[in-house]
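Trainee: Compute the structure for the input listed below.
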Amino acid sequence: MQHHEVETDQLTAAAGEVLSRYLHSRAGDFLRSLRLYGESGSDTAAAEQAARALRGSARRISGTLYTYRGMFEPGWADHLRAELAWLSGTLAQEHACTARLHRLVAALARLSGVGTAAGAVDGASPGAAEAAVPAGAAARSCAVPTARAANGALPDAGAPPPGALTVGASRAGALLDRQLTLARTRAHSAALQALGSSRFHAVADAVAVLASEVPLAPPAATAAPDALGAPGERARLQLLDAVAALPLARAAHPYNAEALVHGLSTASEGEAQDAPWHQVRQLLRLHRYAEEVWCAGGAPDPLLADAGCALDRHRDAAEASAAAANAARTPRIAPATAYALGVLHADQRLEVEAARFAFQRLWQQSAAAR
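Mentor: Coordinates of the predicted model:
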């Protein structure tokens with residue numbers, strides 16, 4: 001196990017002391033975020049920021065309870081971990097729907113060559129929506145037609161007319177707006193219901209107790225390097241095994257079209273192709289949280305954090321492409337709308353590919369630094 005900027009007293013303290021110190025801090029973050037969320041009122045930006053911090057604290061507590069499960073009372077740790085996962089997942093849905101809609105509407109506007117798409121997100125400024133789309137995607141979308149024009153290639157006789165994407169983008173944006181706004185409204189209602197439930201208050205009470213007292217098991221009395229080294233190393237090896245199963249050699253070549261080709265297959269095959277990358281994202285997060293227990297300032301490895309961000313972009317693009325594909329399955333939509341949604345789906349699969357390429361480079365850099 002590697003430790004970055006490990007405090008000296010961490011190496012001489014008992015495992016229970018190290019874990020308690022970390023969990024007390026994360027529980028405090030959870031409670032502060034919960035208070036800010038309650039005080040945000042109609043300020044949606046403040047509420048979103050507080051909810052994000054709340055989910056981050058919940059994930060860190062849950063991840064620590066999972067990785068170092070043997071150091072805690074098993075029944076208590078398993079129950080709290082399950083409840084925190086429920087809370088984090090419930091609160092994440094509304095934000096995910098909002099971000100997905102912003103991303104897709106901005107991509108449609110970019111691909112169709114207009115400033116804003118019809119059916120834009122309510123309350124979302126064009127600048128905020130465009131910020132959700134990486135600059136590299138815009139470069140790729142512009143590069144393809146330019147290259148074809150330079151080569152003098154004639155347009156496909158079966159392709160839609162030049163204005164089809166613009167017309168279809170307007171209708172596709174309206175369709176996505178209806179579908180994802182409905183999903184966002186349902187997620188918002190579920191979040192409000194969850195935050196007012198007795199189940200949530202029980203979770204909040206448990207975290208409040210965690211801020212001052214951690215139910216430890218007898219093994220937690222062992223020296224921290226001895227007791228925590230094996231679980232942390234196990235999390236690292238699980239991550240390495242999962243990364244080794246990824247097609248990193250293929251991902252090292254930009255624009256290899258693997259993500260796009262698989263994305264055009266059936267839904268189950270596309271999900272199966274993305275699943276190993278999503279699994280690596282989860283394992284990388286667990287590994288980073290396990291390292292945070294040891295590190296001063298809670299920053300184990302910047303390269304691993306950047307790699308995690310690349311996998312977050314991978315997840316967002318994969319889910320956005322799935323949303324576009326789902327919208328394209330709507331019965332009785334116009335051909336121009338289906339065409340626009342197909343172009344949008346392909347664009348998001350290219351974003352999946354770009355995220356894999358970025359992760360591969362960051363992972364190689366991190367491996368070289370170790």
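Trainee: can you give me the end-to-end distance of stretch 318-336?
Mentor: 23 Å (C-alpha to C-alpha, to the nearest Å).
Trainee: and that stretch, average pLDDT?
Mentor: Mean per-residue pLDDT for stretch 318-336: 94.
Trainee: Let me see the residues that make contact with it.
Mentor: 96, 100, 103-104, 107, 160, 164-165, 167-168, 171-172, 175-176, 179-180, 263, 267, 270-271, 274, 277-278, 338, 341-342, 344-345, 348-349, 351-352 (C-beta atoms under 8 Å, 6 or more residues apart in numbering). C-beta: built from backbone N, CA, C; applies to glycine.
Trainee: just the buried members of those?
Mentor: Among the contacts of stretch 318-336, those buried by neighbour count (16 or more other C-beta atoms under 10 Å) are 96, 100, 103-104, 107, 160, 164-165, 167-168, 171-172, 175-176, 179-180, 263, 270, 274, 277, 338, 341-342, 344-345, 348-349, 351-352.
Trainee: At the geometric centre of the chain, which residue do we find?
Mentor: D312 (3.7 Å; C-alpha atoms, centre = their mean).
Trainee: And that one, which helix or strand is it part of?
Mentor: helix 302-328 (DSSP states H and E).
Trainee: do E233 as well
Mentor: Taking DSSP H and E as the criterion, E233 maps to helix 224-244.
Trainee: Buried residues in that helix, which are they?
Mentor: Quick answer for helix 224-244 (16+ other C-beta under 10 Å): A224, P225, A227, L228, P231, G232, A235, R236, Q238, L239, A242, V243.
Trainee: now swap in stretch 208-219 and tell me
Mentor: For stretch 208-219, by 16+ other C-beta under 10 Å, it's L210, A211, V214, L216, A217.
Trainee: Just to check, the first one is in contact with R60?
Mentor: Right, L210. No: shown here, L210 and R60 do not form a contact pair, counting by C-beta atoms under 8 Å, at 11.7 Å.
Trainee: Show me what counts as buried in the helix or strand hosting A27.
Mentor: Under the criterion of DSSP H and E, A27 resides in helix 15-39. Neighbour-count burial for helix 15-39 flags 15-23, 26-31, 33-34, 36-37 (criterion: 16+ other C-beta under 10 Å).
Trainee: And for that helix, what's in contact with it?
Mentor: Residues outside helix 15-39 that contact it (C-beta under 8 Å, 6+ apart) are 10, 46-47, 49-51, 53-54, 56-58, 60-61, 64, 68, 71-72, 204, 207-208, 210-212, 214, 216, 219-224, 226-228, 292-294.
Trainee: List buried residues within the residues you listed.
Mentor: 10, 47, 50-51, 53-54, 57-58, 60-61, 64, 68, 71-72, 204, 207, 210-211, 214, 216, 220, 224, 227-228, 292-294.
Trainee: Mind checking which of those are in helices?
Mentor: Counting by DSSP state H, these place 10, 47, 50-51, 53-54, 57-58, 60-61, 64, 204, 207, 210, 224, 227-228, 292 in helices.
Trainee: In the helix holding D312, which residues are buried?
Mentor: 303-304, 306-308, 310-311, 313-325, 327-328.
Trainee: pLDDT weak spots in the protein?
Mentor: 1-10, 42, 114-164, 252-272, 296-300, 370 (pLDDT under 70).
Trainee: Next step: the contacts of stretch 318-336 restricted to helices.
Mentor: 96, 100, 103-104, 107, 164-165, 167-168, 171-172, 175-176, 179-180, 263, 267, 270-271, 274, 277-278, 338, 341-342, 344-345, 348-349, 351-352.
Trainee: neighbours around A354, how many?
Mentor: 22 (other C-beta atoms under 10 Å).
Trainee: you'd agree A369 is up against L303?
Mentor: Yes: at 6.5 Å, A369 counts as touching L303 under the criterion of C-beta under 8 Å.
Trainee: what angle separates the strand or helix carrying L286 from helix 302-328?
Mentor: According to DSSP H and E, L286 maps onto helix 267-292. Helix 267-292 and helix 302-328 are oriented at 160 degrees to each other (axes from the mean of the first three to the mean of the last three C-alpha atoms, to 10 degrees).
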